[in-house]
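Q: pasted the sequence and its predicted model underneath.
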Amino acid sequence: MVSLALGDSYEVKMKNIIIAGSGPVGSFMAVLCAQLGFPVTVYEKREGFTRNINVKIEGPFFKEVQEVLSRLNVKTEFFGKLNEHLHSQRNRILIKELEERFAREAKSLGAKYITREVESFEELYKEHKASDPIILDCTGRNSKLRINEFGPDIVSSPLQHAMYVNFKAKITDNMSSLYQVMKYMRNIKLTEVVLSKRKDKDGFSDVTLPVFITDELARVLIKNTQI
């Protein structure tokens with residue numbers, strides 16, 4: 001068990017950290033935990049980093065991480081230098097390069113990387129139960145581990161009932177943002193918005209939202225509207 005002093009006021013005690021997945025999130029957590037002095041073991045099914053996908057990291061995220069670590073008296077400049085590198089590249093970096101930088105730093109701090117696909121939390125806990133570990137799932141939404149433990153993100157219930165939502169609104173150019181929010185709602189599917197071209201004296205238009213909902217949600221709505 002590792003004891004980390006935070007300032008002069010209190011201590012945080014933490015156990016071994018086991019991370020499934022060494023993508024950007026898993027490798028970031030590996031670096032962060034290793035820098036804080038915790039024993040870290042990372043499991044990754046891939047034998048190497050190969051994703052040549054260019055991503056943009058908005059804002060001074062890694063600069064803020066560096067500032068937090070500095071306040072915790074952690075002696076490292078890793079995230080500060082990474083932030084400078086990103087700034088020089090207009091905040092863009094290949095996923096492959098980001099993963100490699102994280103893995104290299106984590107290994108230099110003692111993190112152990114194991115090439116193996118993890119299919120359940122139970123197998124990790126049995127393997128590390130002597131250290132009473134904290135297990136982090138960083139394998140992504142479509143991983144075998146996540147699906148085995150939590151099920152797939154698939155709408156299995158058919159959208160059977162039509163419903164219309166009527167209201168008045170001042171229309172802007174941001175209608176697409178509504179679709180971005182609605183697409184993550186399991187029981188509702190938004191179809192084309194019906195917008196009246198006529199506006200009242202205050203600039204409001206009549207809007208109708210046709211949506212399809214599941215039978216389960218329809219029963220709830222009917223029950224709650226009955227007198």
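A: Yep, that arrived.
Q: dump the residue contacts of residue 117.
A: Contacts for residue 117 were tallied using C-beta atoms under 8 Å, 6 or more residues apart in numbering; they are 43, 45, 144. C-beta here means a position set from N, CA and C on the backbone, and glycine is covered the same way.
Q: can you tell me which of these are in strands?
A: Using DSSP state E, the subset of those located in strands is residue 43.
Q: of the contacts of residue 117, buried ones?
A: Judged by neighbour count, with 16 or more other C-beta atoms under 10 Å as the criterion, the buried members of the contacts of residue 117 are 43, 45.
Q: now render the contacts of residue 117 as JSON lines, adding distance to residue 32 and pLDDT.
A: Formatted as JSON lines, these follow (distance: C-beta to C-beta, whole Å; pLDDT from 0 to 100):
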{"residue": "43", "distance to residue 32": "17", "pLDDT": "96"}
{"residue": "45", "distance to residue 32": "22", "pLDDT": "92"}
{"residue": "144", "distance to residue 32": "25", "pLDDT": "82"}
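Q: turn the contacts of residue 117 into TSV, including distance to residue 31.
A: Written out in TSV, the entries for these read as follows (distance: C-beta to C-beta, whole Å):
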residue	distance to residue 31
43	16
45	20
144	25
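Q: ok, the contacts of residue 117 vs residue 93, which is closest?
A: Closest to residue 93 out of these is residue 45 (22.7 Å), distances taken as C-beta to C-beta.
Q: which one among the contacts of residue 117 gets closest to residue 106?
A: Compare each of these with residue 106 using C-beta to C-beta and the shortest gap goes to residue 43, at 13.0 Å.
Q: how far away is that closest one from residue 131?
A: Residue 43 sits at a distance of 15 Å from residue 131 (criterion: C-beta to C-beta, to the nearest Å).
Q: downstream neighbour of the longest helix along the chain in the secondary structure list?
A: Looking across the chain with DSSP state H, the single longest helix is helix 95-108. Beyond helix 95-108 in the direction of the C-terminus, DSSP states H and E gives the next helix or strand as strand 112-115.
Q: name the residues that touch that following strand?
A: Outside strand 112-115, the residues touching it (C-beta under 8 Å, 6+ apart) are 22, 40-47, 103, 106-107.
Q: just the buried ones from those?
A: 22, 40-45, 103, 106-107.
Q: any chance of these in a markdown table, plus distance to residue 80?
A: Rendered in a markdown table, the data for these read as follows (distance: C-beta to C-beta, whole Å):
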| residue | distance to residue 80 |
| --- | --- |
| 22 | 22 |
| 40 | 21 |
| 41 | 26 |
| 42 | 23 |
| 43 | 29 |
| 44 | 26 |
| 45 | 32 |
| 103 | 19 |
| 106 | 17 |
| 107 | 20 |
